[in-house]
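J.: Below is the sequence, then the predicted model.
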Amino acid sequence: AQSVTQLDSQVPVFEEAPVELRCNYSSSVSVYLFWYVQYPNQGLQLLLKYLSGSTLVKGINGFEAEFNKSQTSFHLRKPSVHISDTAEYFCAVSPLTGGGNKLTFGTGTQLKVEL
Amino acid sequence: DSGVTQTPKHLITATGQRVTLRCSPRSGDLSVYWYQQSLDQGLQFLIQYYNGEERAKGNILERFSAQQFPDLHSELNLSSLELGDSALYFCASRQEGKNSPLHFGNGTRLTVT
């Protein structure tokens, strides 16, 4: 079984400032890691994923995340945010055996970008 | 646009009633997943279908059921509705293959009054 912890339920940040959204996971097996974004009144959209290889993963809209196996973390970062980045962000893990039914989501972090 | 279509967008109904939520997956995706998103429970996996057959069950109540039809669209049936069933219900589809991501529809917002 696996679990995902997103410690920050809300993160306010000013436009053009950097942001980091934290994600820690727990699993007894190796996992794939994902970040999804949910804009208001929309479904979840894949932002980026870590499957293997380089621990720094680049996604859409200028976001990137770094997988840290020793700290079991997969924090999401963006060097300069825009108003349009205001959304809810979900970290998720899935065991290497795959299967969307085994995808476990965190509780989400609401990113609010202010002028 | 994810390519996953859900109807209706909004649904308001009374306790004790039954509703049906519909989902059309992306073209070529054989798997359909249903999720419930509520403020207190977060995003919960309900059930998965693959090419018409039930593949996996998650935290789905006995009052809820689903099916996937030969044309691969899926329906989620919710009966004897309670106030606590008010939530966003998402459908997602994916190609099989352990690396493939889920593609989500925009959801159906169910309000039970």
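T.: Noted; the coordinates are in hand. Treat the numbers as computed from the prediction; the structure is a model and nothing was measured.
J.: May I see the buried residues of stretch B:50-58?
T.: B:50, B:55, B:56 (16 or more other Cβ atoms under 10 Å in any protein chain shown). All C-beta spots, glycine's among them, are computed from the backbone N, C-alpha and C.
J.: The residues you listed: which ones sit near chain A?
T.: B:55, B:56 (Cβ under 8 Å from any Cβ of the partner chain).
J.: What about residue 34, how many residues nearby?
T.: Defaulting to chain A. Neighbourhood size, residue A:34 [other Cβ atoms under 10 Å in any protein chain shown]: 27.
J.: should've been chain B
T.: As a burial measure, residue B:34 scores 23 neighbours (other Cβ under 10 Å).
J.: part of a strand, is it?
T.: Yes - according to DSSP: H, G, I helix; E, B strand; the rest coil, residue B:34 belongs to a strand.
J.: Next, find the distance separating the residue nearest the centre of chain B from chain A.
T.: Most central in chain B under Cα atoms, centre = their mean is residue B:34, positioned 3.2 Å from the mean C-alpha point. For residue B:34, the distance to chain A (Cβ to the nearest Cβ, to the nearest Å) stands at 10 Å.
J.: how close does that residue get to residue A:64?
T.: Distance of residue B:34 to residue A:64, computed by Cβ to Cβ, to the nearest Å: 31 Å.
J.: residues contacting residue A:112?
T.: Going by Cβ atoms under 8 Å, 6 or more residues apart in numbering or on different chains, residue A:112 touches A:10, A:11, A:12, A:13, A:86.
J.: Closest one to residue A:38 out of the residues you listed, please.
T.: residue A:86 (11.0 Å; Cβ to Cβ).
J.: Apart from its neighbours in sequence, what residue is nearest residue 73?
T.: Picking chain A for this. Of all residues not flanking residue A:73 in the chain, residue A:24 sits nearest, at 5.1 Å (Cβ to Cβ, 6 or more residues apart in numbering or on different chains).
J.: actually chain B
T.: Closest to residue B:73 by Cβ to Cβ, 6+ apart is residue B:24, at 4.7 Å.
J.: quick one on the thing from earlier: how many neighbouring residues does the closest residue to the residue nearest to the centre of chain B other than its chain neighbours have?
T.: Spatially, and ignoring its direct neighbours in sequence, residue B:34 is nearest to residue B:46 (4.2 Å; Cβ to Cβ, 6+ apart). When counting by other Cβ under 10 Å, one arrives at 21 neighbours for residue B:46.
J.: Any buried residues in the helix or strand residue B:46 falls within, and which?
T.: Element membership of residue B:46, judged by DSSP states H and E, is strand B:42-50. Residues B:42, B:43, B:45, B:46, B:47, B:48, B:49, B:50 are the ones in strand B:42-50 that count as buried (16+ other Cβ under 10 Å).
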